[in-house]
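Student: build the 3D model from these lines:
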Amino acid sequence: YELTQLEANVRSMRDALEEERRRNLDLFEAAADAAIRVDEGARILAVNRRTEQMFGYGRDALIGRHVRVLIPDRFRNAQERKLGTYIRAPGERAMGAEFDLYGLRKDGTEVPVEISIIPEQTADGLVTTGLIRNITKRMQAAQQATRQADLLRLVTDSLPALIAYLNRDLRYGFANRSYREWFGLPNGDLGEFTMMQVLRPD
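Tutor: Numbers count the residues shown, from 1 in each chain. Presented below is the predicted three-dimensional model:
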């Protein structure tokens with residue numbers, strides 16, 4: 001009887017583990033970002049559908065290959081060193097805060113990306129999941145904002161008027177050349193200055 005109960009408990013645990021494995025695979029496959037799992041040698045173990053769409057490879061063409069196949073040549077050494085550091089000292093983190101990251105598509109084009117690293121210790125060793133987000137639109141929006149700011153400064157610097165923008169704390173967000181020259185303000189970020197400091201209480 002005890003042996004039968006033990007076998008039933010083992011089957012129940014095995015079924016629960018299998019259900020958890022299937023659930024994790026479903027979450028991995030359904031992730032909104034590209035997801036890649038690599039072993040300690042940075043060999044690709046699994047990819048999801050978004051990875052296929054982002055990089056243009058079928059999963060069969062990626063599984064078993066080194067992750068460097070998705071890294072442009074000019075960034076390969078730096079990014080591989082950084083990835084190796086993360087794998088040797090595992091911990092959840094964002095990769096690429098100190099430098100720009102790019103992925104290499106099958107057609108040879110590059111895509112700017114942001115990567116989150118999630119390590120997991122398994123019976124087969126350390127497995128690392130990378131969640132990869134395409135940040136092309138974010139970079140384009142930032143470039144557009146920079147161009148608009150440059151145009152605003154070009155236009156306002158040419159006007160013979162004192163023009164400034166202050167936030168609700170009355171700190172300077174922007175001042176044109178005439179304004180800065182009149183009040184002796186430096187070029188660049190003026191966020192440390194308040195209107196009271198510049199105009200003075202009197």
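Student: report the distance from stretch 130-137 to the chain centre.
Tutor: Taking C-alpha atoms, centre = their mean, to the nearest Å, the mean C-alpha location of stretch 130-137 is offset from the chain mean by 6 Å.
Student: nope, stretch 131-150 is what I meant
Tutor: That offset, for stretch 131-150, works out to 13 Å (C-alpha atoms, centre = their mean).
Student: helix, strand, or coil at Ala46?
Tutor: strand (DSSP: H, G, I helix; E, B strand; the rest coil).
Student: what's the first helix or strand after the helix or strand of the chain with the lowest mean pLDDT?
Tutor: Across the helices and strands of the chain, mean pLDDT, DSSP states H and E gives its lowest value to strand 93-95, namely a mean of 58. Beyond strand 93-95 in the direction of the C-terminus, DSSP states H and E gives the next helix or strand as strand 101-104.
Student: buried residues in the next helix or strand after that next one?
Tutor: Using DSSP H and E, the next helix or strand after strand 101-104 towards the C-terminus is strand 110-122. Using 16 or more other C-beta atoms under 10 Å as the test for burial, strand 110-122 gives Val111, Pro112, Val113, Glu114, Ile115, Ser116, Ile117. Yep, even glycine has a C-beta here, placed from its N, CA and C like the rest.
Student: hmm, Leu131 and the fifth one touching each other?
Tutor: Meaning Ile115. Yes - using C-beta atoms under 8 Å, Ile115 is in contact with Leu131, at 6.9 Å.
Student: just want the most central residue of this structure.
Tutor: Closest residue to the average C-alpha location of the chain: Glu114 at 2.2 Å, with C-alpha atoms, centre = their mean.
Student: any figure for the gap between that one and Ala161?
Tutor: 42 Å (C-beta to C-beta, to the nearest Å).
Student: in the chain, which spans are strands?
Tutor: Applying DSSP state E to the chain gives strands spanning 34-38, 44-47, 93-95, 101-104, 110-122, 125-134, 164-166, 172-175.
Student: for Met13, find the nearest of those strands.
Tutor: strand 110-122 (17.1 Å; C-beta to C-beta).
Student: for the record, mean pLDDT for the closest one?
Tutor: Summarised as a single mean, pLDDT over strand 110-122 is 87.
Student: could you export it as CSV, CA atoms only?
Tutor: This file holds the C-alpha atoms of strand 110-122, laid out as CSV (Å, rounded to 0.1, in the frame of the first residue of the first chain):
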residue,chain,number,x,y,z
GLU,A,110,21.0,45.6,-38.3
VAL,A,111,18.4,46.4,-35.8
PRO,A,112,18.9,48.4,-32.5
VAL,A,113,17.9,46.3,-29.5
GLU,A,114,17.5,46.3,-25.8
ILE,A,115,18.2,43.0,-24.0
SER,A,116,17.1,41.7,-20.5
ILE,A,117,19.0,38.8,-19.2
ILE,A,118,17.4,36.1,-17.0
PRO,A,119,19.6,33.3,-15.7
GLU,A,120,18.3,29.9,-14.5
GLN,A,121,20.2,27.1,-12.9
THR,A,122,18.9,23.8,-14.3
